[in-house]
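Engineer: Fold the following, please.
(chains A and B)
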Protein chains: 2
Amino acid sequence: MTQTTARPPGRPRSERAEKAILEATLDLLGEESGVAGVSIEAVAARAGVGKTTIYRRWANKEALIVSALAYGKDPLPEPPGHSARADLLELVRALAAGRNGPHGRCFHNVVGGAEKFPALYERYQHDVIEPRRELMRGVLRRWVERGEFRPDLDLDVVVTLLVGAATLKTAEEVLPADWPEQVVATLLHGIAL
Amino acid sequence: MTQTTARPPGRPRSERAEKAILEATLDLLGEESGVAGVSIEAVAARAGVGKTTIYRRWANKEALIVSALAYGKDPLPEPPGHSARADLLELVRALAAGRNGPHGRCFHNVVGGAEKFPALYERYQHDVIEPRRELMRGVLRRWVERGEFRPDLDLDVVVTLLVGAATLKTAEEVLPADWPEQVVATLLHGIAL
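Structural biologist: Numbering: from 1, shown residues only, chains lettered A, B, ... in the order given. From the prediction side, this is the model:
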């Protein structure tokens, strides 16, 4: 019989605390008062932890909010590269599914508050949004290199078209079932005859 | 000499009051508290009018907010129809310019608050957004009818692509000067080689 280190069942305590802290932050961020309503005190109280537990991991409220926003977004898939159409479809489907997530208001509050909290907004863009855009640019680049997409594409424009088409409508609006297919077909072949 | 009715210089008093009321509503709506912070009392106080002046024209807070949102958006141009590319460019440029408007946070607050104020959101969509989308669909339809755009286009998808590409980035992000041209070129001819 192999000797194993005794380990309590379930998640370690620090991981559970971290999850509670991030969820408490998202809860507060999604309320009417948005960014202004988030404080280390309020998060600690809602998560049932001490303030020092939070400060051990996050230097300030801004860092905590950015971590919570990253935690609140499902990661984008890395499409397998079998076909350009299938890769784009996978991205658009994931983006469209993400718009119905439970934390939509958090992101709205941060984006809508960009003017008032520019440092937070910039960090959110840099840490949360930019890696997602880079993943999408990577997919596009792959198909440019394989000679299936125009070599002169402005990748940032294409990423914005993909994201906009999938996320512009709010969770309140039901998208037609074939929306991702229509978006990808329109983008692949353009609208001109 | 022709007899003319005496008329005081400048705008009539009721028009000035209306402007003050709509601007006060936008001011309040753009604050942290968003929709929840707008009340007929608060608008009256900020606009320097009596509550009855507001109730004479708007049945309730919701109707007032929708009027203010319509007032806060520059109207879209009706493109002249000389060429498909020029028509689209005019729309994308107007949409992109609109994203830098002074009332961006108001729209964010209403869209972000869609879940909490669904009736207001629906009325905003119906009265303010839908006529703009219909104008854009009309431009697309014109070029489908003239045989320049694919006849099987999903016009709602194309409108969403146009709007998303022009407005997804916040006013804090500076768009490259050729952004509208790149968006229109990408949409016209697609990304596939």
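
Engineer: For A:Trp143, see how far away A:Glu90 is.
Structural biologist: Separation of A:Glu90 from A:Trp143 (CB to CB, to the nearest Å): 13 Å. In short, each C-beta sits where N, CA and C put it, glycine included.

Engineer: Of these two, which one has the most company?
Structural biologist: A:Trp143 (21 against 18; other CB atoms under 10 Å in any protein chain shown).

Engineer: quick one: secondary structure of the more buried one?
Structural biologist: Under DSSP: H, G, I helix; E, B strand; the rest coil, A:Trp143 falls in the helix class.

Engineer: quick one: the helices in chain A?
Structural biologist: A:13-29, A:40-47, A:51-57, A:61-72, A:84-98, A:104-112, A:118-124, A:130-145, A:155-167, A:179-189 (DSSP state H).

Engineer: For chain B, which of those helices is the nearest?
Structural biologist: Taking CB to the nearest CB as the criterion, chain B comes closest to helix A:155-167 out of the helices of chain A, the separation being 1.7 Å.

Engineer: hang on, isn't A:Trp58 packed against A:Leu64?
Structural biologist: Yes: using CB atoms under 8 Å, A:Trp58 is in contact with A:Leu64, at 4.2 Å.

Engineer: For A:Glu148, which residues are in contact?
Structural biologist: A:Glu148 makes contacts with A:Ala84, B:Ala192, B:Leu193, as judged by CB atoms under 8 Å, 6 or more residues apart in numbering or on different chains.

Engineer: Skip the chain neighbours and tell me the closest residue to the second one.
Structural biologist: Right, the one you point to is B:Ala192. Distances taken as CB to CB, 6 or more residues apart in numbering or on different chains place A:Leu188 nearest to B:Ala192, at 4.5 Å, with adjacent residues excluded.

Engineer: same check, this time on the first one
Structural biologist: Setting aside the residues directly before and after it, A:Ala84 is nearest to A:Trp143 in space (CB to CB, 6+ apart), at 4.3 Å.

Engineer: I figured the one you found hits A:Ala86, correct?
Structural biologist: No: using CB under 8 Å as the test, A:Trp143 is too far from A:Ala86 to be in contact (10.8 Å).

Engineer: Let me see the contact set for the residue nearest to the spatial centre of chain A.
Structural biologist: The geometric centre of chain A, computed from its C-alpha atoms, lies nearest to A:Lys73 (CA atoms, centre = their mean), at 3.4 Å. A:Lys73 is in contact with A:Gly98, A:Gly101, A:His103, A:Phe107, A:Val128, A:Arg132, counting by CB under 8 Å, 6+ apart.

Engineer: out of the residues you listed, what pair is the most spread apart?
Structural biologist: Farthest-apart pair in those is A:His103 and A:Arg132; separation 15.1 Å (CB to CB).

Engineer: Might you list the low-confidence residue ranges for chain A?
Structural biologist: Where chain A drops to pLDDT under 70, the residues are A:1-11, A:170-172.

Engineer: Where do the domain boundaries of it fall?
Structural biologist: Per automatic domain parsing, the structural domains of chain A span A:14-71, A:74-189.

Engineer: Reformat those domains as TSV; add distance to B:Gln182.
Structural biologist: TSV is the format used below for the domains of chain A (distance: least, CB to CB, whole Å):
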stretch	distance to B:Gln182
domain A:14-71	29
domain A:74-189	4
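
Engineer: Figure out which of those is closest to B:Pro176.
Structural biologist: Distance to B:Pro176, taken as CB to CB, is lowest for domain A:74-189 among these, at 8.3 Å.

Engineer: follow-up on the earlier one: and the residue nearest to the centre of chain A, how far from chain B?
Structural biologist: 16 Å (CB to the nearest CB, to the nearest Å).

Engineer: Serialize the helices of chain A to CSV and add fields for distance to B:Gly147.
Structural biologist: Shown next, in CSV, are the helices of chain A (distance: least, CB to CB, whole Å):
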stretch, distance to B:Gly147
helix A:13-29, 50
helix A:40-47, 59
helix A:51-57, 61
helix A:61-72, 47
helix A:84-98, 26
helix A:104-112, 40
helix A:118-124, 45
helix A:130-145, 30
helix A:155-167, 24
helix A:179-189, 16
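
Engineer: Looking at those, spot the one closest to B:Trp179.
Structural biologist: Taking CB to CB, helix A:155-167 is the member of those nearest to B:Trp179, at 7.0 Å.

Engineer: is any part of the closest one close to chain B?
Structural biologist: Yes: contact of helix A:155-167 with chain B (CB under 8 Å from any CB of the partner chain) involves A:Val157, A:Val158, A:Thr160, A:Leu161, A:Val163, A:Gly164, A:Ala165, A:Thr167.

Engineer: any idea which of these is the one closest to B:Arg13?
Structural biologist: Distances from B:Arg13 to these, taken by CB to CB, are shortest for A:Gly164, at 43.3 Å.

Engineer: Find the nearest non-adjacent residue to A:Leu140, please.
Structural biologist: Using CB to CB, 6+ apart and skipping the chain neighbours, the partner closest in space to A:Leu140 is A:Leu155 (5.2 Å).

Engineer: For the one you found, grab the count of nearby residues.
Structural biologist: 18.

Engineer: quick one: it and A:Arg141 touch, right?
Structural biologist: Yes: using CB under 8 Å, A:Leu155 is in contact with A:Arg141, at 6.9 Å.

Engineer: who's in contact with the residue nearest to B:Ala192?
Structural biologist: So A:Leu188 contacts A:Ala84, A:Arg85, A:Leu88, B:Gly190, B:Ile191, B:Ala192 (CB under 8 Å, 6+ apart).
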